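Undergrad: Sequence first, then the predicted structure, then my questions.
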Amino acid sequence: MHLKINTKVKSNYMDVKKGFNKELFLKLNPPFPPVELKEFGGCEKGDKVHLVLNFIFFKQHWISDITYDHTDDQLFEFIDEGVRLPFFLKYWKHHHVVRSDKDGGATIVDDITFKSPFLLMDYLLYPLLWGQFIYRKPIYRKFFQERHGF
C-alpha cells in the first residue's frame, strides 16, 4: 500500500533539515500507542531509529535503518526502512522529502509504502496510518513556525 501526505511549512528547507531531530521525532508521535524512543541516530545513511510501541497489554519493537540520504540546493531527503517491525507489518519504507518552495518556505512529503502479513490487513491499516500522518501536519507547521520566528 502507498500513502503520501504533503505539508507546507513557513521555514526554508535547510532549516527544516536541521529540525529533523530527536525533539521533532518525539513531538510527532501520536497519543496512542505511547512510544518509547530507545535510539535516534539521525537522518543520514547508516543511522538507526529504535522505538518500542506500548499497546498496554504488550509491547512491539520497531527498528528502522536510514538507507539513503541526499541534500542539494532544492531539497533534503532520506529513507527509513523497517528491519524489525511490529507484528502487523511485514514491510515499511518511508521516504521523507523536504522540498524548497518558491516563496521561501518548504513542503514536507511523507511518502510511505507498507505491507502487512495479509492484504485485508493492508486495507484496515491504511486509514489508521493515514490518521497517524495527518496528525503530523499541524505539529510540523507549529514546530517550524516557533523555531524560526514566522
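TA: Arrived safely, thanks for sending.
Undergrad: From what I see, V52 and P34 are in contact.
TA: No. Using C-beta atoms under 8 Å, V52 makes no contact with P34, being 9.1 Å away. All C-beta atoms are positioned from the backbone trio N, CA, C, and that covers glycine.
Undergrad: neighbour-wise, which of the two wins?
TA: V52 (16 against 13; other C-beta atoms under 10 Å).
Undergrad: Which strands border the one helix or strand H61 maps to, and is each parallel or antiparallel?
TA: Per DSSP states H and E: H61 is located in strand 59-71. Strand pairing for strand 59-71, determined by DSSP bridges: strand 48-54 (antiparallel), strand 75-84 (antiparallel).
Undergrad: mean pLDDT lowest for which of those strands?
TA: Of all these, the minimum mean pLDDT falls on strand 48-54 (a mean of 93).
Undergrad: Dump the C-alpha coordinates for that one into CSV.
TA: The C-alpha trace of strand 48-54 is given here as CSV (Å, rounded to 0.1, in the frame of the first residue of the first chain):
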residue,chain,number,x,y,z
LYS,A,48,19.2,3.8,13.1
VAL,A,49,15.9,4.6,14.9
HIS,A,50,14.6,2.1,17.6
LEU,A,51,11.1,2.5,19.1
VAL,A,52,9.1,0.5,21.5
LEU,A,53,5.3,0.8,20.9
ASN,A,54,3.3,0.2,24.1
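Undergrad: In this protein, what residue spans correspond to helices?
TA: 13-19, 22-28, 119-134, 136-148 (DSSP state H).
Undergrad: wait, A106 sits on Y13?
TA: Yes. With contact defined as C-beta under 8 Å, A106 and Y13 form a contacting pair (4.1 Å).
Undergrad: what residues are shared contacts of these two?
TA: Common contact partners of A106 and Y13 (C-beta atoms under 8 Å, 6 or more residues apart in numbering): V98, R99, S100.
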